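# Please work out how this folds:
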Amino acid sequence: PEDEAEAGEPEAGEPEAGTRKKSAGKKPPKLPPTPVAEENLKKTLPPPVPAAEENLKKTLPPPVPPSQSRPAEPNWSDSFFDDDYVSTLDMPGSKKTRLEVEFMYSQLNLKPEMKVLDIGCSDGRHAVGLAQKGVAMQGIDTSVPFLLIANQLAQEAGATTTFIKKDMREFTPAAPLDALICFGGTFGYFTDAENLDLLRRFHSWLVPGGSLLLDVMHRDYIVGQLPSRMWWEGNGCMVMDECYFQYAENRLMVKRNAAFSTGKQRNYQLTVRAYTLREITDLVESVGFTILSTSGAVYSPGAFTGMLSPSIMLVLQK
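Numbering: from 1, shown residues only. Model prediction:
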């Protein structure tokens with residue numbers, strides 16, 4: 001064997017070759033036991049990090065008690081109706097405004113001194129027109145540019161009106177009102193739950209027997225017009241609207257692209273809920289309104305012609 005051939009004189013303390021050969025087949029002696037890996041890991045790792053939930057509790061503000069009311073959630077429309085948006089509009093002429101004001105006045109059976117609120121009053125042309133007939137008008141809107149135009153229009157017309165910057169979801173009138181106007185596609189910008197809550201709020205704002213003129217987009221009409229693409233010239237800009245219908249949500253989607261003479265470009269996206277006659281009828285009746293009349297357009301008061309009617313205009317009574 002190789003180990004015997006290489007064996008020389010044994011060194012002190014070294015066993016003889018025969019002994020080495022005999023012990024060659026033995027297992028090596030066991031080393032002292034190594035500390036458990038888990039124990040070593042505990043000594044080298046930093047202290048454990050507190051649970052993520054505990055860390056989150058330290059960084060989040062305390063919850064709002066249920067008794068406190070929360071402000072309305074921010075919405076795309078809060079920043080949509082700015083100066084640039086106003087520039088893109090093709091403002092209705094005085095003839096159309098007069099027709100709409102006469103429709104409102106007659107359908108709501110308004111009288112001088114009646115207290116009326118225009119919800120989402122835009123440029124104030126309807127509120128000013130009704131104020132010129134002696135109606136005590138107020139208007140609310142979230143758009144500062146629109147409210148500035150409305151105040152200027154009222155001054156030029158010598159009409160006494162009050163315009164307030166307020167989200168309709170957070171507004172509460174100082175006293176019950178004789179009538180409300182929600183016209184021109186103002187209703188439907190929010191979620192279905194918020195829209196239903198708004199109808200409840202509108203009902204609570206009225207005196208007993210008070211009326212609401214509610215104008216909503218007619219789904220059966222609008223789906224027949226889409227998809228579409230429209231171009232027009234605004235105030236110092238060229239505008240293109242691309243319109244689609246979101247069938248799952250029953251919402252109109254408008255993508256607006258505006259190119260201004262200054263070289264600036266803006267892209268907007270607008271979404272509005274459209275209703276069938278049955279849908280909106282069920283909603284208003286569920287909050288306590290009685291339907292007095294249904295119109296499909298201002299030029300045909302009291303007449304609704306199904307798919308040919310672009311809007312659903314309801315006169316409702318508390």
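
# going forward, measure contacts and count neighbours with C-alpha atoms only.
OK.

# I believe residue 302 is in a strand; please confirm or correct that.
No - counting by DSSP: H, G, I helix; E, B strand; the rest coil, one finds residue 302 to be coil, located in no strand.

# low-confidence ranges in this structure?
In the predicted model, the chain carries pLDDT under 70 at residues 1-93.

# Which stretches in it count as strands?
For the chain, applying DSSP state E gives strands covering 115-119, 136-141, 161-165, 177-182, 206-218, 228-233, 237-246, 251-260, 265-275, 290-295, 311-317.

# Packed most tightly, which of the ones you listed would that be?
strand 311-317 (a mean of 25; mean count of other Cα atoms under 10 Å).

# between that strand and strand 177-182, how big is the angle?
170 degrees (axes from the mean of the first three to the mean of the last three Cα atoms, to 10 degrees).

# what's the offset of strand 311-317 from the middle of its chain?
Its chain's C-alpha centre and that of strand 311-317 lie 24 Å apart, by Cα atoms, centre = their mean, to the nearest Å.

# related to what we said a few turns ago, quick one: which of the strands of the chain is nearest residue 193?
Set against residue 193 and scored by Cα to Cα, those come closest in strand 265-275, at 11.8 Å.

# so what strands line up beside the closest one?
strand 206-218 (parallel), strand 251-260 (antiparallel) (DSSP bridges).

# Kindly reformat the ones you listed as TSV containing distance to residue 107.
What follows is the strands paired with strand 265-275, written out as TSV (distance: least, Cα to Cα, whole Å):
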stretch	distance to residue 107
strand 206-218	8
strand 251-260	27
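
# distance of residue 161 from residue 117?
For residue 161, the distance to residue 117 equals 10 Å [Cα to Cα, to the nearest Å].

# got it, and residue 233?
32 Å.

# now do the same end-to-end measure for stretch 225-243.
Rule used - Cα to Cα; the end-to-end distance of stretch 225-243 is 9 Å.

# And it, how far out from the chain middle?
The chain centroid and the centroid of stretch 225-243 are separated by 23 Å, computed with Cα atoms, centre = their mean.

# likewise stretch 100-118?
With Cα atoms, centre = their mean, you get 30 Å for stretch 100-118.

# now do stretch 311-318
How far stretch 311-318 lies from its chain's middle: 24 Å, per Cα atoms, centre = their mean.

# if we can go back for a sec, intersection of neighbour lists for residue 161 and residue 117?
Listed as contacting both residue 161 and residue 117 by Cα atoms under 8 Å, 6 or more residues apart in numbering are 137-139.

# Let's have the residues you listed in TSV, adding distance to residue 250.
Output for the shared contacts of residue 161 and residue 117, formatted as TSV (distance: Cα to Cα, whole Å):
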residue	distance to residue 250
137	33
138	31
139	28
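
# about what we covered before: distance to residue 155 for the strands of the chain - can I get that in TSV?
As requested, these are arranged in TSV below (distance: least, Cα to Cα, whole Å):
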stretch	distance to residue 155
strand 115-119	18
strand 136-141	14
strand 161-165	9
strand 177-182	22
strand 206-218	26
strand 228-233	28
strand 237-246	28
strand 251-260	29
strand 265-275	31
strand 290-295	32
strand 311-317	30
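
# Sounds good, over and out.
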